[in-house]
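# Generate a structure from the sequence data that follows.
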Amino acid sequence: MPKIKVKSLENLCAAQKLIDCGMYTTSIHCSYYSSFLAMKHFLNNHPNKSLSYADQNSYSGKDSHNYIYDEVIKRMVNSIDIRDLRVQFRKLKADRKRADYSDEQFTDLESLDNIERSKKLQAKLK
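Okay, the predicted model is just below:
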């Protein structure tokens, strides 16, 4: 299995373990990065228009995460999947920013919700 995909799965597992230990806010970061890495894997392995990890990493614009997200959206064809991915990604990203940069604490339910969002987003990439 590709290393990026392994990292994605490990982040999802880590999010659950952090929740199990009561580290709800820290788990948010892992749920987000699990999805982000899954999107990178999707781009690298797209059957018709792949974007190598090297090319993904060479982007030097303002927000590399939005670049990856935009490239994923360009490769999706189902409008319902695009809409669902957009909703999941925006919520995961907003929560990750709050978890990493604010003084807020997340609850167990919010943390579990982020794991489910991450799983839903990743299901759209198959």
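# Buried by neighbour count: which residues of the host helix or strand of Asp113 qualify?
Under the criterion of DSSP states H and E, Asp113 resides in helix 108-123. With burial defined by 16 or more other CB atoms under 10 Å, the residues of helix 108-123 counted as buried are Glu110, Ser111, Leu112, Asp113, Asn114, Ile115, Arg117, Ser118, Leu121, Gln122. For every residue, glycine as well, the C-beta is placed using N, CA and C.
# which residues does the first one contact?
Taking CB atoms under 8 Å, 6 or more residues apart in numbering as the definition of contact, the neighbours of Glu110 are Tyr24, Ile28, Asp95.
# now it: how far from Gln56?
Taking CB to CB, to the nearest Å as the measure, Glu110 falls 29 Å from Gln56.
# ok, back up a step: ok now the helix holding Asp113, how far from the chain's centre?
Using CA atoms, centre = their mean, to the nearest Å, the mean C-alpha position of helix 108-123 is found 10 Å from that of the whole chain.
# Stretch 29-39 too?
3 Å.
# hmm, who's touching it?
4-5, 7-9, 11-12, 14-15, 18, 65, 68-69, 72, 88-89, 92-93, 95-96, 99-100, 111, 114-115, 117-118, 121-122, 125.
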